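Chemist: Sharing a model that was predicted from the sequence below.
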Amino acid sequence: MTRPSANEAPTVEVVTEIQRRRWSIDEKLRMVEESDLPGMTVSYVARKNGVAPSLLFRWRKLMKKGGKVAVQAGDDVVSVAEARVLKKRIRDLERLLGKKTMEVEILKDALELAREKKLISRSALPFKEDIP
């Protein structure tokens, strides 16, 4: 913000709407790394990039936490979106497995009934005299 000269009137900018923006992973990472540089502050980096300082603090926390977890487990860090997709896929597969399991049980019962009917049909019918 520059100071107005003696013969200029000060200007004021009024924000009438909030614009939401999605930041790419590379942009978030760049801002987090920049805020970690010596002499930099989170507030300055956030202001410079048009990000709320609280959001930048959150990204720093999440990246450090995710990085620590990944290093401890020896795994790659997976994005929340990718994890959500994988969880949905697991739910779909579990439902499908449940349906197939139920089909197998129904088919087993049907096969058992068919075997019983086959045994009944193969057995000798009683003579009329044997029926009371």
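Modeler: Sure, I can see it. Numbering: from 1, shown residues only.

Chemist: Can you give me the separation between Glu105 and Leu111?
Modeler: Separation of Glu105 from Leu111 (C-beta to C-beta, to the nearest Å): 11 Å. (Glycine included, C-beta is placed from N, CA and C.)

Chemist: Can you get me a residue count around Thr101?
Modeler: Using other C-beta atoms under 10 Å, Thr101 has 10 other residues around it.

Chemist: Please apply the same query to Val32.
Modeler: Applying other C-beta under 10 Å, we find 19 residues neighbouring Val32.

Chemist: what do you get for Ala46?
Modeler: Ala46: 19 surrounding residues under other C-beta under 10 Å.

Chemist: For Val32, give me its contacts.
Modeler: Neighbour list for Val32: Leu56, Trp59, Arg60, Met63 [criterion: C-beta atoms under 8 Å, 6 or more residues apart in numbering].

Chemist: try 6 Å
Modeler: Taking C-beta atoms under 6 Å, 6 or more residues apart in numbering, we find Val32 in contact with Trp59, Arg60, Met63.
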